[in-house]
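> Dropping the sequence and predicted coords here.
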Amino acid sequence: MFKGTARIAALLALMTATSATAQGLFSSPRQPMFDQAQPLVAQAQPIISTKASAPTDRRQASLFIGQQGTSLLAPYPARTRSKPRTRSAARFVVPFGSQVSQLRSLIATVESGSMGYDGLVYGATVKPPRAPSQMTLAEIDLWTRQTPGQNHAIGRYQFIPKTLRRLVKIQGLSPDTRFSPQVQDLLADQLLREAGLNALLAGDLSRRKFMHNIAKIWAGLPTSSGHSYYKGVAGNKAGMSWSRFDREMARIFPNAA
């Protein structure tokens, strides 16, 4: 009997101790099993600040501010007009305007006709080896020196050897320069300048005085007499009448007196 009573008492004592322990375990504030989660990645910061003040100068709105002139995205620099090239008086070339082009064509009608830039005077019995516009200045000079005793007027504007050499020297052209249409026009423009084209355009020279001046250069043009300035020299004669010459020049230069 006492043994049973002791067992019961021991069991009650054990239950009391267990209850006290359980109260101790759960009576204090409960702690989380895991610490509060922290973000794996810190809050993202913008690569480019959005709070920066906008540039006050619109021209500085560039990805490369402060490096203008070194970036494809930098603002364009202020545009300035470049100064036109100038030549010395000796190497002056008249503008390639419509009036000058028409005047050249008028001269060509009485000098080379349909042969144009490959024109060759009829009196040349020994022809050059190639078409004039395909020859160099040195080759043309050699041809004239190797064929003395004949007329050597050549090209669209029928340059004679002495005049051609002088113009080439003024323009500073090298011997290997081709006697191309562009070169022939360039040399003709020099002659027009010498005849007073600039003065004509500026209103400082009358149209008919200028006509007389160029008639003294190109034998195919008439003077006011209706004849070539070189009538009777090497068979030269005017290729158009004075009235037609005057009419054409008035059309080309309507503002010239």
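Thanks, I have the structure now.
> From now on I want contacts and neighbour counts done on CA atoms only, so please keep to that.
Fine.
> Just the terminal-to-terminal distance for stretch 232-243.
The straight-line separation of the ends of stretch 232-243 (CA to CA, to the nearest Å) is 21 Å.
> likewise stretch 104-120?
With CA to CA as the measure, stretch 104-120 spans 17 Å from end to end.
> And stretch 119-134, by the same measure?
Start-to-end span of stretch 119-134 (CA to CA) is 12 Å.
> contacts for it?
112-113, 117-118, 140, 143, 147, 150-156, 158, 178-181 (CA atoms under 8 Å, 6 or more residues apart in numbering).
> which of those count as buried?
Neighbour-count burial (16 or more other CA atoms under 10 Å) applied to the contacts of stretch 119-134 gives 112-113, 117-118, 140, 143, 151-156, 158, 178-181.
> Okay, and which of the residues you listed map to strands?
Of the buried ones among the contacts of stretch 119-134, none are assigned to strands by DSSP state E.
> Can you tell me which of those residues end up in helices?
Taking DSSP state H as the definition of helices, these contribute Ile140, Trp143, Pro181.
> which of those residues lies closest to Leu191?
Nearest to Leu191 among those is Pro181, at 15.5 Å by CA to CA.
> Wait, the closest one touches Tyr117, no?
Yes. Pro181 lies in contact with Tyr117 (CA atoms under 8 Å); the separation is 6.0 Å.
> And the ones in helices among the buried ones among the contacts of stretch 119-134, which is closest to Leu192?
Distance to Leu192, by CA to CA, is smallest for Pro181 among these, at 16.3 Å.
> Distance of the closest one relative to Ala215?
Distance from Pro181 to Ala215, by CA to CA: 22 Å.
> Likewise for Leu201?
From Leu201 over to Ala215 (counting by CA to CA), the distance is 18 Å.
> next one: Ile140
Separation of Ile140 from Ala215 (CA to CA): 25 Å.
> for Val126, same thing?
Applying CA to CA to Val126 and Ala215 gives a distance of 28 Å.
> now swap in Gly239 and tell me
Applying CA to CA, the value for Gly239 to Ala215 is 11 Å.
> mind showing which ranges of the chain have poor pLDDT?
Residue ranges of the chain with pLDDT under 70: 1-97.
> what about Ile217, neighbour count?
Ile217: 18 surrounding residues under other CA atoms under 10 Å.
> Quick check: it is in a strand.
No. The assignment for Ile217 (DSSP: H, G, I helix; E, B strand; the rest coil) gives coil, which keeps it out of a strand.
> Which parts of this structure are helices?
Taking DSSP H as the test, the helices found in the chain are 2-27, 98-111, 137-146, 161-171, 181-194, 197-202, 207-215, 242-252.
> Just put those in JSON lines and tack on distance to Ser228.
Formatted as JSON lines, the helices of the chain follow (distance: least, CA to CA, whole Å):
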{"stretch": "helix 2-27", "distance to Ser228": "135"}
{"stretch": "helix 98-111", "distance to Ser228": "11"}
{"stretch": "helix 137-146", "distance to Ser228": "25"}
{"stretch": "helix 161-171", "distance to Ser228": "19"}
{"stretch": "helix 181-194", "distance to Ser228": "18"}
{"stretch": "helix 197-202", "distance to Ser228": "20"}
{"stretch": "helix 207-215", "distance to Ser228": "7"}
{"stretch": "helix 242-252", "distance to Ser228": "10"}
